[in-house]
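*Asks:* heads up, no residue letters with this:
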């Protein structure tokens with residue numbers, strides 16, 4: 001887990017987290033590991049008649065841009081990530 005800091009525009013920076021931490025977090029949010037292909041884990045969540053799918057690269061540190069993309073695919077907010085990983 002990571003500590004946070006404020007950006008110039010007042011936003012709190014996203015923490016640097018590992019794939020393992022992110023998979024655990026998404027599992028709490030209702031996602032399940034569907035399969036793994038090489039160094040990527042595919043997770044799915046059924047939401048009514050919609051299926052959310054996201055791909056997690058098994059890296060020690062998930063890049064900020066990659067994390068933002070995963071958040072968008074998983075429909076997870078910045079606030080949810082910060083609540084879980086920033087202390």
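*Replies:* On my side now, so go ahead. On a predicted model such as this, the values are computed, not experimentally measured, just so you know. Residues are numbered from 1 along each chain as shown.
*Asks:* CA atoms for contacts and neighbours, from now on please.
*Replies:* Fine.
*Asks:* contact partners for residue 52?
*Replies:* Counting by Cα atoms under 8 Å, 6 or more residues apart in numbering, residue 52 touches 44-46, 73-74.
*Asks:* gap between the two ends of stretch 25-37?
*Replies:* 20 Å (Cα to Cα, to the nearest Å).
*Asks:* whoops, stretch 60-67 was the one
*Replies:* 13 Å.
*Asks:* tell me which residues of that stretch are tucked away?
*Replies:* 62-63, 67 (16 or more other Cα atoms under 10 Å).
*Asks:* including secondary structure, distance to residue 51 and pLDDT, could those residues go into JSON lines?
*Replies:* Shown next, in JSON lines, are the buried residues of stretch 60-67 (DSSP: H, G, I helix; E, B strand; the rest coil; distance: Cα to Cα, whole Å; pLDDT from 0 to 100):
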{"residue": "62", "secondary structure": "coil", "distance to residue 51": "23", "pLDDT": "96"}
{"residue": "63", "secondary structure": "coil", "distance to residue 51": "25", "pLDDT": "95"}
{"residue": "67", "secondary structure": "helix", "distance to residue 51": "19", "pLDDT": "96"}
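*Asks:* in JSON lines: those, plus distance to residue 36.
*Replies:* As requested, these are exported to JSON lines (distance: Cα to Cα, whole Å):
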{"residue": "62", "distance to residue 36": "17"}
{"residue": "63", "distance to residue 36": "20"}
{"residue": "67", "distance to residue 36": "18"}
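*Asks:* now, among those, which is nearest to residue 28?
*Replies:* residue 67 (16.8 Å; Cα to Cα).
*Asks:* what's the distance between the closest one and residue 61?
*Replies:* With the distance defined as Cα to Cα, residue 67 ends up 10 Å from residue 61.
*Asks:* make sure residue 80 is indeed in a helix.
*Replies:* Yes. According to DSSP: H, G, I helix; E, B strand; the rest coil, residue 80 belongs to a helix.
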